[in-house]
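Chemist: Provided below are the primary sequence and the corresponding predicted coordinates.
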Amino acid sequence: MRVALIFLLLTSHFLLLTLLTACGRRGEPVLVESRDERAVQRGKDQSQKESEKPETLPEQKSSEQQTIQVTPPDSPTGLVGVYTQQSIVLTWDEVAGQEIKLYRIYRFKGDGYILAGETVTPAFTDKNVEPNTKYYYKVSAVGVTEGLLSKEIQIITEVH
């Protein structure tokens, strides 16, 4: 009885904290354009801008090439999860100061890691879970490139 009460208090505190710190609609996948679609759109935009410009002399090209080094974002930390009898709610610490566009959530259920979803906030609700099953989760931050995966957590969907 006492353990159940403590678990209930911890779970309700976690869910309240999740509601207060996360914004937007959590857990729903975010549509991200493929690089090909963005490149085509950029090409259209660029050709439209060029057609609007007055004719100018061609610019001289520099013989020096610049090397741009892209550093992947840090791994998210503080990944925790709670089974709510219907879904698994995950939260983690936001990766700050690295121009993060979204987070990718990966789930392992015995058949390898798969992409469970993407979100723009540091919270995700996995509604596609089954009772009495072990799930493992990892999260990555995506900026210009995708960063390394977070530490793995395990959630068991046991009904008490």
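Modeler: Received the coordinates, thanks. Residues are numbered from 1 along each chain as shown.

Chemist: please look at Glu101 and Glu146 and confirm they touch.
Modeler: That one is not Glu; residue 101 is Lys. No: using Cβ atoms under 8 Å, Lys101 is not in contact with Glu146, being 10.0 Å away. Glycine gets a C-beta too; all of them are placed from N, C-alpha and C.

Chemist: can you tell me the closest non-neighbouring residue to Gln85?
Modeler: Closest residue to Gln85 apart from its sequence neighbours, by Cβ to Cβ, 6 or more residues apart in numbering: Val159 at 6.7 Å.

Chemist: buried ones in the longest strand seen in the chain?
Modeler: In the chain, assigned by DSSP state E, the strand with the most residues is strand 134-142. Within strand 134-142, the residues that count as buried by 16 or more other Cβ atoms under 10 Å are 135, 137-142.

Chemist: quick check: Asp126 vs Thr119, distance?
Modeler: Separation of Asp126 from Thr119 (Cβ to Cβ, to the nearest Å) stands at 11 Å.

Chemist: higher neighbour count, those two?
Modeler: Thr119 (22 against 19; other Cβ atoms under 10 Å).

Chemist: that one contacts Lys101, doesn't it?
Modeler: No: using Cβ under 8 Å as the test, Thr119 is too far from Lys101 to be in contact (10.9 Å).

Chemist: what residues are up against Ile114?
Modeler: Contacts of Ile114 were listed using Cβ atoms under 8 Å, 6 or more residues apart in numbering, and they are 106-108.

Chemist: out of those, flag the one nearest to Val95.
Modeler: Tyr106 (15.8 Å; Cβ to Cβ).
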